[in-house]
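> following is a predicted model, sequence given first.
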Amino acid sequence: MSAPQNVAKYEYLLGQILQPNTEAVRDAVQELNKLLKHPSSIQNLAHIIFNSQVEGVRQLAGVLMRKKLVGHWGKLPEDFQTQFREALLQRVVVEPSSLVRKSIGELIGLLGRLLVPMGLWPNLLPFLFQLTQSPQPEHREIAMRLFCSLSEHIPEQLKPHLNVIHNLFIAGLKDTAPPVALATLKGIGAFLELLENETTLIEALFPPMKSVLEFCIQNHLVDSVYAALETLDGLIELHYLPDRCAIEVLNMILTIGNNSSLERELRRRSLTLIDTFVVQSPKLVTDYNLVNGILSVLFAMGSEPGDSEEEELDDSTEVPNWKFVGQLLDSLNASVPTKFVYQPTMHLISVHLASDDPYKRRMGIVALGVLVEGCALVIEENIEEHLKLIFPAFKDPSPLVREQAGLALALFSRYLQPDIGKYHNQVLPILFDALNDPSQQVRTQTCFALETFVEHLDEDILPYLDPLMQRMMAIPQNAPPAVQSNIISVLSAAATAAGPLFEPYFQGVLSFLEPFLNITDEAHMALRGAATECVGILINALKEKCPRTVIETMMQISIRGLKSIILNYASIHISSSPMLLQL
């Protein structure tokens, strides 16, 4: 192809973009953006890709062409189109730079998607078949990248060659050159989707896939592992895998997740496939007795210690392992029938609660709290025996365990209503005692458990109102905002349960709430919202026994909240509106 008229200008501008000069780069980009609007830009960029002596310029030309090629293609002269297609195929096998070669390969793939369906590039597939047999691994790598791309974008055109391409993918996965095998693994998902119900063909791909994945793990090729996991996740979700392959995938992800020498995020990404697996294929989990294997790996990861006890108790750090595992256990409990989950989970809970390791004991109590949502009907048959597993955790030497005891009891209170209320004489004394725990996190979770438990007690709360109110009011007003919010929530729950019988405590609680109703600090507006909502609950509980002056005062506070703060503080709006309705 002869040199276009403006090629020197294009090459100069591309060179400017590569310079460490912000102003020069900006000016060059602006000028190139104007030039790239014209179809002739493709001819200029093509000449640079094939002829420039500067690797960075050739690569940048390929990147820019990829953005404009399809839009301009139909406006280019036919003789250029023909010459350009052939020049791409010739250049990709002689280009010395791997980056430029990859860019040329992407251009071939882009044009292939456009032209092969129209029958306008008949020699592309034969060329790629030939390229897979090249003695040079870089040629085989480009060929496999292109087959992966074409499988995704023009699958119908590949179906007549399915068996041949299937053999190429097996060969690609077994290739002794790692870049070829890795390129094949990263892009194999689209080809597996193309195989649809070809069970035999799909199963034949899994042994070499597993080998490449193991190679990636052993050599810390993290990007390739992530790409493979993404592919497997999609295949599980779409139900493209035969049972034997699906089980093989599960075993692979459990192996990765159980390998504590690997990066934590990689292990987690692997185990997130469990969520896809149990949601999409719960019957497979039960038919092949996979629950025990899943639970074993999850409990092991959830029992791993953090960097320090302070980190474990710090809510601002990233999600710790035990919480991540709790989310996966929740998905398992919700998706798989109780009869397959309850017994093996309870066995592991018992083993972990009896351990000398506080991290294992915490995992046991976390799992018990999570179990109640999915297995509530079974636990309801013997609530007391399950509570006896939680109660000792409130006295555990480790605050990590005591904190989770409060959360577990809160979850029991949420999902076992109304039956759990019968055990108020056992539950409330333990929670009252836990309010004196030296750990703030434990006290916070205890308040959460109190709120959830007392809200549904109705008149059963009466014997406990005095000690409850004494403990709530004894907590200083300069306590951390999280603690103050918990106190307000407990007061709201107590008023809801007691109804008109809450009257003796009304004025004291109102006095306690008054400072919160006048908060103007933006950082603590959520507390003002909670206090406003609590007053509305108090008024609703007392009904006609509520003093008229209180109603009038709260009416003004609510209107003021709606008028002046509504624009900035949604929590005040949300809390003031229902209170006005109650008033």
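Sure thing, it's come through.
> quick one, helices of the stretch 201-350 of the chain?
Along the stretch 201-350 of the chain, the segments classed as helices by DSSP state H, counting those that start in this stretch run 222-237, 243-257, 264-280, 282-287, 291-302, 309-313, 321-335, 338-353.
> report the angle between the second one and helix 264-280.
Spelled out, it's helix 243-257. 150 degrees (axes from the mean of the first three to the mean of the last three Cα atoms, to 10 degrees).
> hmm, who's touching helix 243-257?
Residues outside helix 243-257 that contact it (Cβ atoms under 8 Å, 6 or more residues apart in numbering): 202-203, 206, 210, 213, 217, 225, 229, 232, 235-236, 241, 262, 266-268, 270-271, 273-274, 277, 281, 284, 288, 290, 293-294, 297, 301. For the C-beta atoms, the positions are set from N, CA and C on the backbone; glycine is no exception.
> next, the buried residues of it.
Buried residues in helix 243-257, defined by neighbour count with 16 or more other Cβ atoms under 10 Å: Cys245, Ala246, Ile247, Glu248, Val249, Leu250, Met252, Ile253, Leu254, Ile256, Gly257.
> now find how far off-centre that helix is within its chain.
Put simply, helix 243-257 sits 20 Å off its chain's centre (Cα atoms, centre = their mean, to the nearest Å).
> quick one: contacts for Leu185?
Neighbouring residues of Leu185 by Cβ under 8 Å, 6+ apart: Leu173, Met209, Val212, Leu213, Cys216, Ser224, Ala227, Ala228, Thr231.
> nearest residue to the last one other than its sequence neighbours?
Nearest in space to Thr231, with sequence neighbours left out and distances taken as Cβ to Cβ, 6 or more residues apart in numbering, is Gly189 at 3.4 Å.
> backbone dihedrals for Glu381, please?
Taking degrees, to the nearest 10, you get phi -70, psi -20 for the backbone angles of Glu381.
> can you give me the pLDDT of the residue lying closest to Asn292 once chain neighbours are set aside?
The shortest distance from Asn292 to any non-neighbouring residue, by Cβ to Cβ, 6+ apart, is to Pro344 (5.3 Å). Predicted confidence (pLDDT) for Pro344: 98.
> coming back round to it: which among the contacts of helix 243-257 end up buried?
Among those, the ones that count as buried (16+ other Cβ under 10 Å) are 202, 206, 210, 213, 217, 225, 229, 232, 235-236, 241, 262, 266-268, 270-271, 273-274, 277, 281, 284, 290, 293-294, 297, 301.
> secondary structure class for the residue nearest to Thr231?
Assigned with DSSP: H, G, I helix; E, B strand; the rest coil, Gly189 falls in the helix class.
> ok, Tyr342 touching Val372?
No. With contact defined as Cβ atoms under 8 Å, Tyr342 does not reach Val372; the gap is 10.6 Å.
> between those two, which is the more surrounded one?
Between Tyr342 and Val372, counted using other Cβ atoms under 10 Å, the more crowded position is Val372 (23 against 17).
> what's near enough to touch the more buried one?
Val372 makes contact with Ile379, His386, Ala408, Leu411, Phe412, Tyr415, Leu416, according to Cβ under 8 Å, 6+ apart.
> low-scoring stretches of this structure, by residue?
Scanning the chain for pLDDT under 70 picks out 1-2, 307-317, 477, 550-551, 553-554, 556-583.
> nearest the geometric middle of it, what residue?
Nearest residue to the geometric centre of the chain (Cα atoms, centre = their mean): Thr272, 7.9 Å.
> contacts only, for it.
Asp233, Leu328 are the contacts of Thr272 under Cβ under 8 Å, 6+ apart.
> what about it, distance to Val54?
Going from Thr272 to Val54 by Cβ to Cβ, to the nearest Å gives 44 Å.
> again, but for Lys37
According to Cβ to Cβ, Lys37 stands 24 Å off from Val54.
> list the contacts for Ile48?
Contact analysis of Ile48 by Cβ under 8 Å, 6+ apart lists Val7, Tyr10, Glu11, Leu14, Val57, Arg58, Ala61.
> ah, wrong one, I meant Leu332
Shown in contact with Leu332 (Cβ under 8 Å, 6+ apart): Ile274, Val278, Val291, Ile294, Leu295, Leu298, Val341, Gly374.
> need the residues you listed in JSON lines (columns: distance to Gln81).
Below are these laid out as JSON lines (distance: Cβ to Cβ, whole Å):
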{"residue": "Ile274", "distance to Gln81": "50"}
{"residue": "Val278", "distance to Gln81": "51"}
{"residue": "Val291", "distance to Gln81": "59"}
{"residue": "Ile294", "distance to Gln81": "55"}
{"residue": "Leu295", "distance to Gln81": "60"}
{"residue": "Leu298", "distance to Gln81": "56"}
{"residue": "Val341", "distance to Gln81": "61"}
{"residue": "Gly374", "distance to Gln81": "60"}
